[in-house]
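>>> Got a predicted model here, sequence first, then my questions.
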Amino acid sequence: MQAGDLSIPVEPRSAKPLSLRSVLDSHTAWLEGKPDGVRADLSGVALSDARLAHANLHEGVLRSATLIEARLEGIDLSGAILESADLRQANLPGADLSGADLTKAVFDLCLLAEATLCEARMQGTSLRLANMREVRLLEASIQNCDFEGAVLRSASFAHSDMMNTVFSDADMHEAVFYRARAYLCKFFGVTGQRVNFSGARLHSCDFTSAQLPSARFREAELKQCLFHRAHLGGADLRDAKLDGSEFAYANLSGAQMAGANLFAADLRAADLTGARGLRATQLMQARTDPTTTLPNGRRGPYIRGSGAERPAVQQGSD
């Protein structure tokens, strides 16, 4: 760890400022339960460009601290209070922020690859254009946050609670949202193959123009979601609940849809060419019209007994 020789006032009544290293040492003693230990309180302190790689600030207090472009590789900020902290362009690969309070913190353009944010409390947190490859956000509380343009490749949001959060234009290749709960979230224009939403509960979310080929939505609830012009070719929607969701101009070609609940789902202008597992009762519950391309390649609307729910048999196939 390189803490430098920064001098900072630990508390207003302090007779003289203490070095950052002494603050960290005193915090370590506090964590160890030693009588001379003092919990680190870096609230409002300017630490831009500071080098704190692998520092231990578990349960530290950094309210409104400025850490722009700070070097924080592998830092332990688990359980820390980072409310309104500014970490723009900071480097935090492998950092531990599990259980941290990140309310209104700013991580724009940060490097957070392989960081851990499990059970973090995120409200009004900004992570625009952040590199969050393989980040772990299991069971995180995410409200009114902004991930616009972030790199979320192989990131895991499993079992997280998300509300009114923006993911627009994010790179979500192989990201995992297994059993996550999302309400009023915006996934406009996100991209990525094999994104996993299996078992997720997504209500009133916007996937307009999302490019998610081979996405997994098995047993997911997608109630009143918007998939206008979304690319879901080859997606797994088996046993999904699509009640009231809109798929106008969506590409669902080759999708697996056995057991999917299509009650009041809007499939007008959707492309279902080659979609598998659909039954007549499912399509009868959905809205189709002459602009719908049915599984057998013919135009709708779907008519019971037409056999259009079955993909066309290609010549040369068994």
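Everything's here; your move.

>>> what sits up against stretch 80-91?
57-73, 97, 100-111 (C-beta atoms under 8 Å, 6 or more residues apart in numbering). (Glycine included, C-beta is placed from N, CA and C.)

>>> Of those residues, which belong to helices?
Residues of the contacts of stretch 80-91 located in helices (DSSP state H): none.

>>> Mark which of those residues are buried, thanks.
57-63, 65-68, 70, 72-73, 97, 100-111 (16 or more other C-beta atoms under 10 Å).

>>> Around G79, how many other residues sit close by?
Using other C-beta atoms under 10 Å, G79 has 17 other residues around it.

>>> close enough to count as contact, it and L57?
No. Using C-beta atoms under 8 Å, G79 makes no contact with L57, being 9.4 Å away.

>>> got any ranges where this protein has weak pLDDT?
1-18, 313-318 (pLDDT under 70).

>>> mind redoing it with 90?
1-19, 312-318 (pLDDT under 90).

>>> okay, which residue is most central for it?
F157 (5.6 Å; C-alpha atoms, centre = their mean).

>>> Correct me if wrong: that residue contacts A170.
No. At 11.3 Å, F157 and A170 do not qualify as touching, with contact defined as C-beta under 8 Å.

>>> all helices for the stretch 151-300 of the chain, in order.
For the stretch 151-300 of the chain, helices defined by DSSP state H, counting those that start in this stretch occupy the ranges 280-285.

>>> So H27, which state does it fall into?
helix (DSSP: H, G, I helix; E, B strand; the rest coil).

>>> From A46, how far off is it?
18 Å (C-beta to C-beta, to the nearest Å).

>>> neighbour count winner among the two?
Neighbours per residue, other C-beta under 10 Å: of H27 and A46, the larger number sits with H27, 23 against 14.

>>> List the residues that contact that one.
Taking C-beta under 8 Å, 6+ apart as the test, what H27 contacts is G37, V38, R39, A40, N56, L57, G60.

>>> likewise D289?
Per C-beta under 8 Å, 6+ apart, neighbours of D289: R268, A269, G300, P301.

>>> Which residue is the nearest non-sequential neighbour of it?
Leaving out its chain neighbours, the residue that sits closest to D289 by C-beta to C-beta, 6 or more residues apart in numbering is R268, at 4.7 Å.

>>> Now do the one you found against L226, distance only.
Taken as C-beta to C-beta, the span from R268 to L226 is 13 Å.

>>> Also F187?
Where L226 is concerned, F187 sits at a distance of 9 Å (C-beta to C-beta).

>>> Over to L67?
37 Å.

>>> R287 now?
14 Å.

>>> Looking at the two, which is more packed in?
A count of neighbours by other C-beta under 10 Å puts L226 above the other of R287 and L226, at 22 against 19.

>>> can you tell me which residues contact the more buried one?
C205, D206, F207, T208, S245, E246.

>>> The second one contacts F188, correct?
Yes. With contacts defined as C-beta under 8 Å, D206 counts as touching F188 at a distance of 5.6 Å.
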